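Trainee: Attaching a predicted model along with its sequence, questions to come.
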Amino acid sequence: MKYAFYPGCSMEVNAAAYDVSMRAVAKVLDMELAEIDDWNCCGATEYFSQDELTACSVVARNLAIAEGESNQLVASCAACYCNLAKVDKLMSEDAEMKQKINEALSAGQLKYKGGVRVRHLLDVICSDIGEEKIKEKVVRPLTGLRIAPYYGCQAVRPISIGDCTEYPMQMDHLFEWLGAEVVDYPVKAHCCGGHMPQISEEQAFELQRRLLQSAVDYDADMILCMCPMCQLNLDAYQPRVNGMFGTNFKMPILYFTQLVGIAFGLEPKAVGFGKELVAGLPVLKKKLEAVSA
Amino acid sequence: MSSQKADKLGSEFLQEVIEGTPGGERIVHCLQCGSCGGSCPNGADMDYTPRTLFALINANKKEEVLRSNTMWCCVSCYFCTTRCPQNIPITDIMYQLKRMAIAENMASGSDAPALAKTFTGYVDKYGRAFELGLASRFYLLNKPFAMLKMGPMGIGMFSRGRMSLTPAKIKRVDQLNAIIKKAREIGRKS
């Protein structure tokens, strides 16, 4: 199956582990993710706090480009998914905004008619590929590994990727298919802090502490993310969270695609292990004896 | 935006909030139930939780609202929005209040406007976000001492190849800029 793909800015460098593992998993599953031509940054939350129409137009440029390439656009980042899905929805519901955004796009000889369905990679893997085909590809079941699926905010709210806005389950199901022990913890769709580490460390680190503590309380071996911002916040700031609260978290924060790849028999290096700041490989090795470095 | 649907009996400030927010006219249906504040991960740090803020907006307390820290505590998690029984797009209203606070020069006390400006400055220039540029420029200009504490993390990111020294750039930056320029023009007119 062929999809238009919007990687988002983080995938190339900061979230390279997500990028490499996603591509490796897509190959096993015969999914073709064709990167759309010359895409631009979705603006995250930052244009929206300055100028609504500019924010929407910057996002819509990508929708217009995608529309010429496919009727389904897949994003791997929750914030990118959120912006693309929100602007698509806004343009389908608000004729005045649609006209204004298209007027802005016309300055670049572009137009968005509204023919793109915005998806998140997790939903595509779970809904389109599905249980049967995924189970067929498992050569190394994740038996004994306790994973905490972490959905964060913007893939499930305001426009859910196809799951519940309160207590999403797609990643839970996916890892049950892969043989893992899925941790059912209450904060799986709570906030990682977003851009708050730059604005208020006190607020950001408290949000991160709640997530890490809950994963520890429920005896998770690792937290799996579906968004580069969530991974960065929980992984890179973990030492600072420990410094602020006197905690001793050593929770590996990985991308869900990395562990899907492991279950499919790929080697840890081939799915980006080692890019995370809190090492994931020792936990993986300890839990899955079949895995060699 | 849908201002004709709005309750024109409300305060002038209320009208401004409604006009700048897609779906903003729902604000007049607030029941004061408090689901928003109770759902908010940063509700405890807010000067006013959203429902209080909405009552203040209705009472035309513009300066009190725009000088409050409420919208700057918002992390755009959208829990309030999806839980609001009256379908008020609360997160989007927070964005509108951020825009108004910046425009009225009342956004003192938060580094968020500076972060937003630095972030979008790079996107305007390259078409892509630039993490190193954002981190260095924002911290140097706004909180140089906090930058020191970022050192070990920065080294960790660099050593794992997770931070680029140079920005990525799209091919048609001119096209993006023409779109942005036009959007700002239209925005100013309406």
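Mentor: It's in. Residues are numbered from 1 along each chain as shown, chains lettered A, B, ... in the order given.
Trainee: Pull out the buried residues from whichever strand or helix holds B:Met94.
Mentor: B:Met94 belongs to helix B:90-103 when assigned by DSSP states H and E. Buried residues in helix B:90-103, counted by 16 or more other CB atoms under 10 Å in any protein chain shown: B:90-102. The C-beta positions use only the backbone N, C-alpha and C, and glycine is treated the same way.
Trainee: now, which of the residues you listed lie close to chain A?
Mentor: Contacts with chain A are made by B:Thr91, B:Tyr95, B:Gln96, B:Lys98, B:Arg99, B:Ile102 out of these, judged by CB under 8 Å from any CB of the partner chain.
Trainee: got the contact list for the first one?
Mentor: Contacts here follow CB atoms under 8 Å, 6 or more residues apart in numbering or on different chains; on that basis B:Thr91 touches A:Pro158, B:Cys74, B:Ser76, B:Cys77, B:Tyr78, B:Cys80, B:Thr81.
Trainee: at 10 Å instead, please
Mentor: A:45, A:48, A:153, A:157-158, B:21, B:36, B:50, B:71, B:74-82, B:84 (CB atoms under 10 Å, 6 or more residues apart in numbering or on different chains).
Trainee: ok, now the third one?
Mentor: For B:Gln96, the contact set (CB under 10 Å, 6+ apart) comprises A:48-49, A:52, B:16-22, B:24, B:27, B:71, B:89.
Trainee: can you pull out the helices in the stretch 151-293 of chain A?
Mentor: Listed in chain order, the helices of the stretch 151-293 of chain A (DSSP state H, counting those that start in this stretch) span A:170-177, A:196-199, A:201-217, A:228-236, A:238-245, A:256-263, A:281-287.
Trainee: Of those, which is nearest A:Ser70?
Mentor: For the helices of the stretch 151-293 of chain A, the distance to A:Ser70 is smallest for helix A:256-263, at 20.7 Å, taking CB to CB.
Trainee: Just list what the closest one packs against, helices and strands only.
Mentor: The contact analysis (3 or more CB pairs under 10 Å, 6 or more residues apart in numbering or on different chains; DSSP states H and E) places helix A:256-263 against helix A:16-28, helix A:121-123, helix A:130-137, strand A:146-149, helix A:170-177, strand A:222-225, helix A:281-287.
Trainee: picking that back up, what is the nearest of the ones next to chain A among the buried residues of helix B:90-103 to A:Asp184?
Mentor: Nearest to A:Asp184 among those is B:Thr91, at 27.1 Å by CB to CB.
Trainee: I'd like to know the average pLDDT value across stretch B:78-92.
Mentor: Taken as a whole, stretch B:78-92 has a mean pLDDT of 98.
Trainee: roughly how far is it from the heart of the chain?
Mentor: Distance of stretch B:78-92 from the chain centroid (CA atoms, centre = their mean, to the nearest Å) equals 15 Å.
Trainee: OK, contacts around residue 41?
Mentor: With no chain named, the answer covers chain A. A:8-10, A:47, A:58-59, A:62, A:80, A:83, B:119-120, B:122-124, B:126-130, B:168, B:170, B:176.
Trainee: that's the wrong chain, I meant chain B
Mentor: B:Pro41 neighbours (CB under 10 Å, 6+ apart): A:153, A:187, A:190-194, A:196, A:203, A:206-207, A:210, B:73-75, B:77, B:79.
Trainee: are any of the contacts of B:Gln96 buried, and which?
Mentor: A:48-49, A:52, B:16-18, B:20-22, B:24, B:27, B:71, B:89.
Trainee: Spell out the residue ranges of the strands in the stretch 1-150 of chain A.
Mentor: With strands called from DSSP state E, counting those that start in this stretch, the stretch 1-150 of chain A shows them at A:2-6, A:32-35, A:72-75, A:117-120, A:146-149.
Trainee: residues contacting A:Ala64?
Mentor: A:Ala64 touches A:36, A:57, A:101-102, A:105, A:108-113, A:116, B:179, counting by CB under 10 Å, 6+ apart.
Trainee: Same question for A:Ile134.
Mentor: Counting by CB under 10 Å, 6+ apart, A:Ile134 touches A:Val25, A:Val28, A:Leu29, A:Ile125, A:Cys126, A:His173, A:Leu174, A:Trp177, A:Leu178, A:Val260, A:Ala263, A:Phe264.
Trainee: make it 7 Å
Mentor: A:Trp177 (CB atoms under 7 Å, 6 or more residues apart in numbering or on different chains).
Trainee: Can you give me the domain assignment for chain B?
Mentor: Following the assignment in automatic domain parsing, chain B carries domains at B:3-103, B:113-189.
Trainee: so which of these gets nearest A:Cys225?
Mentor: Nearest of those (CB to CB): domain B:113-189, 14.2 Å.
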